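Novice: Have a look; sequence and predicted model below, questions after that.
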Amino acid sequence: MPHATAPDGTRIAYQVRGEGPPLVLLAGQSNNHTWWDPVRIDFDERHRTITVDWRGTGASDKPDEAYSTRGFAQDVIAVLDALGLERAHVYGTSMGGRVAQWLAVDAPERVGKLVLGCTSPGAVHGFERSQEIRRALADPARTERVLLELMYTPGWLARNPGPYYVLGDTTMPTYAKGRHLVASNKHDAWDDLPSITAPTLVLHGTDDIFSPAANAQLLAERIPGARAELIAGARHAYFHEFRSVASPAVLAFLAAQHGS
């Protein structure tokens, strides 16, 4: 598996598939590139898709030091550099959407179009999950089931016994999981969002309480020219359960002539 080298020397694993305009797909907190496995084929037919294993996950290095969403964005830029890509579209979900915000802020010339899924501007100005959810996720005996119910509707879970790709990288060291949690919790791009120049689509499930759906309109109002689309009935993993709606929406946005 190829690796890029981040500015601090950390080796970042990446994966490339498909042909066409490059599209970077960014996964959620404490997950690696397999987050995208169920739906990646939707994009491979029209795009050269690029995924990464966040530092601390998968085949990337796992330094035991402070991580940040802004630092993760620099890791993604290192991958673009390794591939010789001056510019790519970026689709980030959950924590990947937070990282994508920094990519568009810090390296606007590297981002074609921007898609932000089930994410937020950060805890200071955004809408956060309830304390009840936080307590439930902190209970090891309940974490997996609670997380599944936050990701998917009960009906979908009843019809789909797994495997599931959004529950975290089970090979991660415990310290790396903690580093990811802190990085995501400390994210705050609010003051910089108005500087984003990339055409931006914000996607969110209406029934997402893991990252509350109210964050979608916040982001759309804060980023110039952005628009929000809410997917009725969807929870946090809208891109998987509601792929028949979500993937075509992203592909249509990327194919439109504005801004790219």
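Specialist: On my side now, so go ahead. Predicted model only: the values in this text are computed from it and were never measured.
Novice: for the stretch 151-260 of the chain, what spans make up the strands?
Specialist: Counting by DSSP state E, counting those that start in this stretch, the stretch 151-260 of the chain has strands at residues 200-205, 227-231.
Novice: what comes into contact with the first one?
Specialist: With C-beta atoms under 8 Å, 6 or more residues apart in numbering as the contact definition, strand 200-205 has outside contacts at 104, 113-118, 211, 213, 215-216, 219-220, 223, 225-231, 233-236, 238-239, 242, 246, 249-250, 253. For every residue, glycine as well, the C-beta is placed using N, CA and C.
Novice: Repeat that for the shortest one.
Specialist: The set of residues external to strand 227-231 that reach it, using C-beta under 8 Å, 6+ apart, is 200-206, 213, 216-217, 219-220, 238, 242, 245-246, 249.
Novice: Only whichever of the contacts of strand 200-205 are buried, select them in PyMOL.
Specialist: Only the buried entries of the contacts of strand 200-205 go into this PyMOL selection, using 16 or more other C-beta atoms under 10 Å:
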select buried, resi 104+113+114+115+116+117+118+211+213+215+216+219+220+223+226+228+230+231+234+235+236+238+239+242+246+249+250+253
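Novice: Of the contacts of strand 200-205, which belong to helices?
Specialist: 104, 215-216, 219-220, 238-239, 246, 249-250, 253 (DSSP state H).
Novice: Identify, from those, the entry nearest to Met1.
Specialist: Closest approach to Met1 among those (C-beta to C-beta): Phe239, at 23.7 Å.
Novice: Does Glu132 belong to a helix, a strand or coil?
Specialist: Assigned with DSSP: H, G, I helix; E, B strand; the rest coil, Glu132 falls in the helix class.
Novice: circling back: would you turn the strands of the stretch 151-260 of the chain into CSV with mean pLDDT?
Specialist: Output for the strands of the stretch 151-260 of the chain, formatted as CSV (pLDDT from 0 to 100):
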stretch, mean pLDDT
strand 200-205, 98
strand 227-231, 98
